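In: here's a sequence, model it:
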Amino acid sequence: MTYSKFGEKFTRQSGIGQLMTDLGHANASQHPDLCMLGGGNPAGIPAAQELFQNEMQHLIESGHFQSMLGLYDGPSGEQAFRSALAGYLNTEFGWSISPKNISLTNGSQNSFFYLFNLLAGEMPDGSSKKVLFPMAPEYVGYADAGLTDDMFKSYRPRIELLEGNQFKYRVDFDRLEIGEDIGAICLSRPTNPTGNVVSDNELARLKELAKYHAVPLIIDNAYGQPFPNVIHSNTTLNWDEDTILCMSLSKLGLPGARTGIVIANEGITHSLGALSGIITLAPNSVGAALMTRLIESGEIRHLTRDIIKPHYDACLQNALELFNDIFKDLPVRLHKPEGAFFLWFWIEGISITSQELYQRLKARNVYVIPGEEFFIDVDPNWKHTQECVRINYAQPQEKLRHGFEILAEELRLVV
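Out: The predicted model follows:
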């Protein structure tokens, strides 16, 4: 059988595909010693799960359950949810958006597939456009989302060394260039995989550059304000007609609901609805139905402020204590954790690649995410790309300690 170019591209082995396959096999194994420190699954927070269960029961008792499952929504997503969310964001941040500025998708991965291929790739005049990531590492799920190859451009970050064996990536504006081949600028904030939060000043400079070059600035806000609000630095969340802000219900604890949220000017959201109508008919209704009343009532504030954020704050504090204890005699630096629920380790001078370290840890039932795949369009000969791993710290304390101890044992053999 001969596949099309599309078929060949999207069926070949990819970094994100292989990692998700490995994580799926690991979870299915139910091995008693399994330490799942990889993957991006949110924590199962009992109080949050109870709230979602109660809301589902309310949908059943009120008669909305059948309409949630038995009717198609429009291609831009459930109207009541979009109206509630627009009102909530206007109240929280002083914006002036309407439901027409919001389009729903079947999860953030779906959102970025639509946006990247809408704004970049082969253009009507025969030219080609790229999506620019101002600095790498960036989210591994972006790397294979283009319909055409060579659709992304990245720059190496400036590395700022900090006290306490920490460091921080900064946008290197001295090297950053935006040519005519750039169709959009994109970054995650907080950043997956590093937990970095691009500062307000850095973001303002990127917005100025995007406006000057007449391209949109796409901000992946999956971990940020107002939900799930897993962010540990003081930042502001702004929106304007030149900004495309992407959110999700996944990190609230609803990854299975597959609900992506795109906030943009009406031209973009209308185009996303057109894509959705052709490709999926309509977005998933479950997440929107489940969250509408919680947003309208303001109970979402209680969920994020009093349940989700304190949980991740406590997990992070525990992880930092374990890091400082277990790795104190090893050449391991930690990216300053400013948001999301990941730790990004930089193992300076490691004699093997992070891919090889990943395989060694996997053999001992400890799963991390090797760093190479996150350095999209960065020269792989830069040694730093082979010295980093991502860890999900939102794990039970005993699992995190056990995984850290095994990682430290392996590192003593290769540094």
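
In: make it CA atoms for all contacts and neighbour counts henceforth
Out: OK.

In: Ala289 touches Gln66, doesn't it?
Out: No: in this structure, Ala289 is not within contact of Gln66 by Cα atoms under 8 Å, at 10.8 Å.

In: between those two, which has more neighbouring residues?
Out: Neighbour tally, Ala289 and Gln66, criterion other Cα atoms under 10 Å: the higher count belongs to Ala289, 21 against 11.

In: what mean pLDDT would you report for the helix or strand Ala47 falls within?
Out: For Ala47, the host element (DSSP states H and E) is helix 46-62. The average of the pLDDT scores along helix 46-62 is 94.

In: which residues touch the following helix or strand past that helix?
Out: Downstream of helix 46-62, the first helix or strand assigned by DSSP H and E is helix 64-70. The contact list for helix 64-70 (Cα atoms under 8 Å, 6 or more residues apart in numbering) reads Met56, Leu59, Ile60, Ser285, Val286, Ala289.

In: one more time with 6 Å
Out: With Cα atoms under 6 Å, 6 or more residues apart in numbering as the test, helix 64-70 has contacts from Leu59, Ser285.

In: before we move on, what about stretch 174-192?
Out: 119-120, 129-133, 139, 196-197, 215-221, 339-340.

In: repeat the analysis, applying 8 Å as the threshold.
Out: Under Cα under 8 Å, 6+ apart, the answer for stretch 174-192 is 116, 119-120, 128-134, 138-139, 155, 196-198, 210, 213, 215-224, 231, 338-340, 342.

In: can you give the domain ranges for this protein?
Out: 5-48+302-414, 73-297 (automatic domain parsing).

In: out of these, deepest packed?
Out: domain 73-297 (a mean of 19; mean count of other Cα atoms under 10 Å).

In: and it, end to end?
Out: In domain 73-297, first residue to last residue: 22 Å (Cα to Cα, to the nearest Å).

In: what mean pLDDT does it get?
Out: In the prediction, domain 73-297 has an average pLDDT of 96.

In: can you offset everything so residue one is 2?
Out: Right, with 2 as the first residue, what we last looked at is domain 74-298.

In: any idea how far that domain is from the middle of the chain?
Out: With Cα atoms, centre = their mean, to the nearest Å as the basis, domain 74-298 stands 9 Å off its chain's centre.

In: need the helices for the stretch 152-301 of the chain, in chain order.
Out: 201-213, 267-280, 287-298, 300-303 (DSSP state H, counting those that start in this stretch).

In: among the ones you listed, which is nearest Asp23?
Out: Ranking the helices of the stretch 152-301 of the chain by their distance to Asp23 (criterion: Cα to Cα) puts helix 287-298 first, at 26.9 Å.

In: looking at the contacts of stretch 175-193, which are in strands?
Out: Ser129, Lys130, Lys131, Val132, Leu133, Phe134, Leu218, Ile219, Ile220, Asp221, Phe343 (DSSP state E).
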